[in-house]
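>>> Predicted coordinates and the sequence they were generated for:
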Amino acid sequence: MNVDTIPDFLAESRDAAPADLQHLFISFEDLWERKLWHQLTDALVEFFDHEESANQRYHSTKPSFSLSQTRSTSLSLSLSP
């Protein structure tokens with residue numbers, strides 16, 4: 001995925017997210033722009049911990065974020081049923 005499309009993707013995902021999760025997408029956007037990768041990973045983990053995020057999990061991880069192998073595995077496992 002082109003890096004320029006990630007802010008657009010995050011904005012679209014924020015708009016589609018339930019109201020109580022939209023603040024996390026605002027955080028994703030901010031952390032992405034500031035290139036705070038560790039904090040972005042932590043915010044993604046927080047998002048995945050919310051039961052309400054189940055409908056968006058697959059779509060929210062489509063962009064290729066640079067995650068540590070351990071975090072990436074952890075997030076991938078939370079996608080499985």
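Happy to help now that I have it. Numbering: from 1, shown residues only.
>>> got the contact list for His50?
Asp20, Leu21, Leu24 (Cβ atoms under 8 Å, 6 or more residues apart in numbering). Just so you know, the C-beta spots here come from the backbone N, C-alpha and C atoms, and that holds for glycine as well.
>>> Any stretches of the chain with poor pLDDT?
Flagging of the chain using pLDDT under 70 yields the residue ranges 1-4, 55, 57-81.
>>> ok so, going back, narrow the contacts of His50 to those in helices?
Members of the contacts of His50 lying in helices (criterion: DSSP state H): Leu24.
>>> For the buried ones among the contacts of His50, write the corresponding PyMOL selection.
Selection of buried members from the contacts of His50 for PyMOL, criterion 16 or more other Cβ atoms under 10 Å:
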select buried, resi 21+24
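>>> Show me where the protein has its helices.
Going by DSSP H, the chain shows helices at 6-16, 22-33, 37-49, 57-60, 69-79.
>>> from what I can see Gln22 touches Arg14, true?
Yes. Using Cβ atoms under 8 Å, Gln22 is in contact with Arg14, at 5.4 Å.
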